[in-house]
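J.: sequence first, predicted model second:
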Amino acid sequence: MDRDGHGLTLHTEHFGAAARAAAEAAPPPEPLSDDPAQDAVLSAFVRDGRLTSIPAQHSKRLVVLDHLVRVFEPGVRYPEREVNALLAVWHPDVAALRRYLVDEQFLTREAGIYWRSGGYVDI
């Protein structure tokens, strides 16, 4: 930015260079999965701990659902209100996520109560 006495001149070309320099200096993001194929899928759909969109492709959606279901503790029963709150942290369409998790047998539902019934479990 330059001041010529009457106004300011903004040099927008400097913003691109500054952004590139910041990106090069930033540490690489932590992988979301030890499996490179799963990490590629998760990196495409998860940004800053949020799901940017729900994958339309079934195989990619399964990878994302397996990642999301980890917020539910095995053996714990959750009322729908709590399931919604946990899923809302990830994406605003909690109904779709809940339905996918049940349909793909990551969660089981009975009388408004949910529990984890699938997905990878860290031991």
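T.: The structure has been received and is ready for your questions.
J.: any stretches of the chain with poor pLDDT?
T.: 1-12, 14-15, 18-19, 21-29, 31, 121-123 (pLDDT under 70).
J.: strands along that one, start to end?
T.: Residue ranges of the strands in the chain, as given by DSSP state E, are 2-3, 8-9, 46-47, 50-51, 77-79, 107-110, 113-116.
J.: most neighbours per residue, which of these?
T.: Highest mean neighbour count of the strands of the chain: strand 113-116, a mean of 18 (counted as mean count of other CB atoms under 10 Å). C-beta coordinates here come from the backbone N, C-alpha and C atoms, glycine included.
J.: can you name every helix or strand that that strand contacts?
T.: Other elements packing on strand 113-116 under the criterion 3 or more CB pairs under 8 Å, 6 or more residues apart in numbering; DSSP states H and E are strand 77-79, helix 80-88, strand 107-110.
J.: still on that earlier bit, export the strands of the chain to TSV and tack on distance to Asp35?
T.: Shown next, in TSV, are those (distance: least, CB to CB, whole Å):
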stretch	distance to Asp35
strand 2-3	51
strand 8-9	51
strand 46-47	14
strand 50-51	18
strand 77-79	27
strand 107-110	22
strand 113-116	20
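J.: to Gln57, which of these lies closest?
T.: Closest to Gln57 of these, according to CB to CB: strand 50-51, at 14.5 Å.
J.: so what are the sheet partners of the closest one and their directions?
T.: strand 46-47 (antiparallel) (DSSP bridges).
J.: any idea how far the partner strand is from the middle of the chain?
T.: 4 Å (CA atoms, centre = their mean, to the nearest Å).
J.: ok, and what's touching it?
T.: Contacting residues not belonging to strand 46-47 are listed as Leu32, Thr52, Val64, His67 [CB atoms under 8 Å, 6 or more residues apart in numbering].
J.: tell me the one among these nearest to His58.
T.: For the contacts of strand 46-47, the nearest to His58 is Val64 (10.8 Å; CB to CB).
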